[in-house]
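K.L.:
Quick one: sequence plus predicted model below, questions after.
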Amino acid sequence: TAGEAAPGPSAPHSRPGLFYGSSSAALRLIPPQPLTRSIFPLSPVSPAAERIRFILGEEDDGPAPPQLFTELDELLSVDGQEMEWKETARWIKFEEKVEKGGERWSKPHVATLSLHSLMELRTCIEKGTVMLDMEASTLSQVVEMITDNQVANNMLKAELKEKVTYTLLRKHRHQTKKSNLRSLADIGKTVSSASSPTPTHRNLTSNSMNDISDKPEKDQLRNKFMKKLPRDAEASNVLVGEVDFLDAPFVAFVRLQQAVMLGALTEVPVPTRFLFILLGPKGKAKAYHEIGRAIATLMSDEVFHDIAYKAKDRGDLLAGIDEFLDEVIVLPPGEWDPAIRIEPPKSIPSSGKRKNMFSGGDNSQMNGDMPHDGGGGGGHEVGDELKKTGKFCGGLILDIKRKMPFFVSDFTDAFHIQALSAILFIYLGTVTNAITFGGLLGDATDNMQGVLESFLGTAIAGGLFCLLGGQPLTILSSTGPVLVFERLLFNFSKDNAFDYLEFRLWIGLWSAFFCLVLVATDASFLVQYFTRFTEEGFSCLISFIFIYDAFKKMLKLAHHYPINSDFRVDYVTQYDCLCMAPAILGKTLPMNATWSSLSEKDCLKYGGELVGKACGFVPDITVMSFILFFGTYSTSMCLKKFKTSPYFPTTMRKLISDFAIILAILIFVGVDMLVGLETPKLIVPTEFKPTSPKRAWFVPPFGGNPWWVYLASALPALLVTILLFMDQQITAVIVNRKEHKLKKGAGYHLDLFWVAVLMIVCSFMGLPWYVAATVISIAHIDSLKMETETSAPGEQPKFLGVREQRVTGLCVFLLTGLSVFMSPILKFIPMPVLYGVFLYMGVASLKGVQFMDRLKLLLMPAKHQPDLVYLRHVPLRKVHLFTFIQILCLALLWVLKSTVAAIVFPVMILALVAVRKAMDYMFSQHELSFLDDVIPEKDKKRKEDEKKKKKRGSMDSDVEDSDYPYNEKSPSIKIPMDMMEKEPFLGDKSFDKGEKSPAFLDRHTSC
């Protein structure tokens, strides 16, 4: 807890600046200690890198250093006489300035510093007072200890101590507080234009000396900026200014032992940990301002921030500045405008690469940096969920043990407004899907299964799965291949006089048995062989089906309500439709009715004939339906992105984004009601009874078919089992992707177990079979994504993960079951609005899919292609070849599912794994490691940049930073170490055998 003594004689690298007596002959812009990237032999002095490696490499069991709020206060004059400290800038991640004339904060921007100010700052730290772990509780104590230290070390004249103390304890005026004396625009003068305070202007008492409040003021406590800071944040205060009573700069850097509240010193009521003080002679206010910005920017830098907390002496701080200089990028002065404020980047590169370089972290391979050992390309990291235990039901038991501790939190974690928006959104998607599928199933099975069975089955299967399944974020639904199988099975049963529901029951029982065998034998471990190639092929197919079906339903609607394309306004008098009596009268008309007064329906009912040009067309409905369809889709997309817009406060933006789909539906339901056209509406069953009067709610297992059918059912059950396994597990893989940051683990075996059990239940009740629905599950996850609530100004909110819970799924399926009783409300929703939701889900599920990015590359000239990580390492022709193979597989799957051969669709999905394996002979493992991986693009790019920055030796660095990937077959140049010892580089005489730096040898041993 002691301050350091005054530094010794000037270092040879000193340069003229704020400090007098510097050697002008040594004017250089390089740090005194050699940079770690120098091409020259290092001096015997330990470089900055060695010191930082020691600082950051120390094991520290304590918590990580807290976030810092840095405030820059400058000494300004009030009415040319009294002085006060005025806040001029602040930092958390990025710089915000007080606009001189606008009395407002600027937009956050990247701080641009001059190299001169950084070098001056380095000199300040080297020559000024550095006091680490000071024990003080008030600003007065801090100032007294600093001034006493400077007087003791002959850095400050004793007679000036009182004036310095008086200056440092002046009032602080923050941007939240407007001046009572004059406007901010007028407070532009510095102390250089003011006379120094004299004893006649004040009484030298403790009250007048300390003009700053010891307690936080009301403006501080009410400051809404606190929402941007985490709870454990601490402050770093930078005070700079010019006075006329000093002949040399007064510099101090202080770190307090414990962060303490220093009254009204800081804009926000957070405890102060660091202080940097710079008072200097008149005439250099701009230089002081730039040095203040430099130290504030350094304190917001993650690496220097850690060094400042862990530093033990002045040398550690200097090493931190040297490391910062090592990473600084210089822009030529004549080629850019320093007045331009650089917008914060959308994604900030992690400082981990810099920390890892010094902390002794291992140079572990990043996923995708190098080809995977053993071949096979990307694949999944084999976690506990996918390991083959070799025990009976071993995987299932592990899944249960893994999920049990989270069962209570799966309900408590749902208490958030976001869960409500997810429930409403997924409910409407599920209801639409159930109605659509139920209608198609009714047509395919002669109403042996219909809309009501679809509703009931969705409610029972989905509800039980969300309550007890391994991954409750997965939404169960019926799928297209199941519909094709049901149609074929019904036609086969009808042709052979079999009882359809009984035959189906036994197929369901056999399939459930096969699934339980797969669960018992840990067959889900095969999921690890589903690479990105397989996942994208399957998920894109399902997404395209959603998009295709949405447009198909709209075109069918347009066919049902045809438009008169020959309509001309001039001939509007010719468009009419009359009901004419038939040539031979049949049915008698009702009392007081004439043929011309009948409606279209009644006219046809009584055998009349419709005559006129308008009879074959329905005006307005098709156009209005397409307006509702595209309006719902486009509004949903726009509102979903609203959280990144500049309008409204953050909370409101996030709320609008969370409820985007619900708001879009409400808006266009309102538009439809306002216009009043008879657009097709959502119709749900109003009675709880089987669709067909020929069946009951329980299917008897015996009596309807010959005994051998019970055994023969095992053959079609094999196909159903493959379908269930592939559909369920590929969707589970997509849901459990690493980029979703799920923390409660997966449950592949447990999920498949419940799918099998639910299949038995649905088979006995004559309900449709259910499996994980890819698009709706992705939409469910997307609606539950969490982001940081406190982000620094200018910083994009960070994705934290997904709100993992069971409540949203349970409520969705509970509401689906109750939809029979909600018909009076649901009947107001137009079907085109729900088709628009279908289109949104299909398009949204394609977001972030690498296949879609590669499709766009086919249409882009090379100079306009984005900087995608795989384009850095894989030739463009190979990228296009990979894309073409995926397109071909996708087209084959589409054709297959559209024909009668769709029964073998699950087998063809399985064939994608074989196609991917065959691609090992067309692509190198290095290429496949970049094209076929489940790591999200942005993370992979970040890791690629980290890899390039890592230093595994000067030669390795040169290779990594080049535009060409490292080639193992290229010849390497080996220089013996003894030759290096005998022949120093560039004739450096000082670099002899006795003066070699261990850091230099460490970095060059890879040669």
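P.N.:
Thanks, I have it.

K.L.:
drop to CA atoms for contacts and neighbour counts, all remaining ones
P.N.:
Will do.

K.L.:
Show me what counts as buried in stretch 511-525.
P.N.:
Buried residues in stretch 511-525, counted by 16 or more other C-alpha atoms under 10 Å: 511-516, 518-525.

K.L.:
what's in contact with the helix or strand hosting L76?
P.N.:
Element membership of L76, judged by DSSP states H and E, is strand 68-78. Residues from elsewhere that reach strand 68-78, judged by C-alpha atoms under 8 Å, 6 or more residues apart in numbering: 83-92, 172, 181, 187-191, 194, 229, 233-242, 266-267, 289, 292-293, 296, 299-300.

K.L.:
next one: stretch 387-396
P.N.:
Residues outside stretch 387-396 that contact it (C-alpha under 8 Å, 6+ apart) are 385-386, 519-523, 525, 747, 749-750.

K.L.:
Same check on stretch 775-794?
P.N.:
92-94, 107-109, 227-230, 343-344, 418-419, 421-422, 426, 429-430, 473-475, 539, 542-543, 658, 731, 734-735, 797-803, 841-842, 844-845.

K.L.:
Are any of those buried, and if so which?
P.N.:
Among the contacts of stretch 775-794, those classed as buried by 16+ other C-alpha under 10 Å are 92-94, 107-109, 229, 344, 418-419, 421-422, 426, 429-430, 473-475, 539, 542-543, 658, 731, 734-735, 797, 801-803, 841-842, 844-845.

K.L.:
Looking at those, which are in helices?
P.N.:
Residues of those located in helices (DSSP state H): 418-419, 421-422, 426, 429-430, 539, 542-543, 658, 731, 734-735, 841-842, 844.

K.L.:
check which helix or strand covers I776.
P.N.:
With DSSP H and E as the criterion, I776 is inside helix 774-782.

K.L.:
Show me what counts as buried in that helix.
P.N.:
By 16+ other C-alpha under 10 Å, the buried positions in helix 774-782 come out as 774-782.

K.L.:
can you check stretch 888-896 too?
P.N.:
Here stretch 888-896 shows 889-890, 893-894, 896 as buried, counting by 16+ other C-alpha under 10 Å.

K.L.:
from the chain's centre, how far out does that stretch sit?
P.N.:
32 Å (C-alpha atoms, centre = their mean, to the nearest Å).

K.L.:
List of residues touching that stretch?
P.N.:
537, 541, 902, 905, 908-909, 912.

K.L.:
now do stretch 460-480
P.N.:
Here stretch 460-480 has contacts from 399-400, 403, 430, 433-434, 437, 458, 731-732, 735, 746-751, 754-755, 758, 762, 768-773, 776-777, 780-781, 804-807, 809-810, 813-814, 817, using C-alpha under 8 Å, 6+ apart.

K.L.:
Kindly export the strand holding L76 (C-alpha atoms) in CSV.
P.N.:
Presented in CSV, the C-alpha positions along strand 68-78 are these (Å, rounded to 0.1, in the frame of the first residue of the first chain):
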residue,chain,number,x,y,z
LEU,A,68,-15.0,-0.4,-15.6
PHE,A,69,-16.8,2.8,-16.2
THR,A,70,-14.3,5.5,-17.1
GLU,A,71,-15.1,9.2,-16.9
LEU,A,72,-12.9,12.0,-18.2
ASP,A,73,-13.2,15.3,-16.3
GLU,A,74,-11.4,18.5,-17.4
LEU,A,75,-10.7,21.6,-15.4
LEU,A,76,-12.7,24.5,-16.8
SER,A,77,-13.5,28.0,-15.6
VAL,A,78,-16.8,29.5,-14.6
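
K.L.:
what separates that strand from the chain centre, distance-wise?
P.N.:
The answer for strand 68-78 is 35 Å, by C-alpha atoms, centre = their mean.

K.L.:
tell me the mean pLDDT for it?
P.N.:
In this model, strand 68-78 has an average pLDDT of 87.

K.L.:
Quick check: buried residues in that strand?
P.N.:
Residues of strand 68-78 classed as buried under the neighbour-count rule (16+ other C-alpha under 10 Å) are 68-78.

K.L.:
cool, stretch 610-628 as well?
P.N.:
So for stretch 610-628, counting by 16+ other C-alpha under 10 Å, buried means 610, 614, 621-622, 624-628.

K.L.:
How is the residue lying closest to M765 once chain neighbours are set aside assigned, secondary-structure-wise?
P.N.:
Distances taken as C-alpha to C-alpha, 6 or more residues apart in numbering place F698 nearest to M765, at 4.7 Å, with adjacent residues excluded. What DSSP: H, G, I helix; E, B strand; the rest coil gives for F698 is coil.

K.L.:
What residues does F698 make contact with?
P.N.:
F698 touches 764-766, counting by C-alpha under 8 Å, 6+ apart.

K.L.:
from those residues, which is closest to P680?
P.N.:
Nearest to P680 among the contacts of F698: G766, at 29.5 Å, using C-alpha to C-alpha.

K.L.:
which ones are touching that closest one?
P.N.:
449, 453, 501, 505, 697-699.

K.L.:
Closest to V482 out of the residues you listed?
P.N.:
Proximity of the contacts of G766 to V482 (C-alpha to C-alpha) peaks at Q449, which lies at 12.8 Å.

K.L.:
pretty sure the closest one is in a strand, no?
P.N.:
No: going by three-state DSSP, the assignment for Q449 is coil, not a strand.

K.L.:
I figured it hits M765, correct?
P.N.:
No: applying C-alpha atoms under 8 Å as the test, Q449 and M765 come out as separate, 10.5 Å apart.

K.L.:
Between these two, which is the more surrounded one?
P.N.:
Ranked by neighbour count (other C-alpha atoms under 10 Å), Q449 and M765 place Q449 first, with 25 against 19.

K.L.:
Apart from its chain neighbours, what residue comes closest to the more buried one?
P.N.:
G442 (5.4 Å).

K.L.:
That neighbour and L555: what is the separation?
P.N.:
Computed as C-alpha to C-alpha, to the nearest Å, the G442 to L555 distance reads 21 Å.

K.L.:
Quick check: pLDDT value at E120.
P.N.:
With respect to pLDDT, E120 scores 93.

K.L.:
Give me the phi and psi for it.
P.N.:
Backbone torsions for E120, taken as degrees, to the nearest 10, come to phi -60, psi -40.
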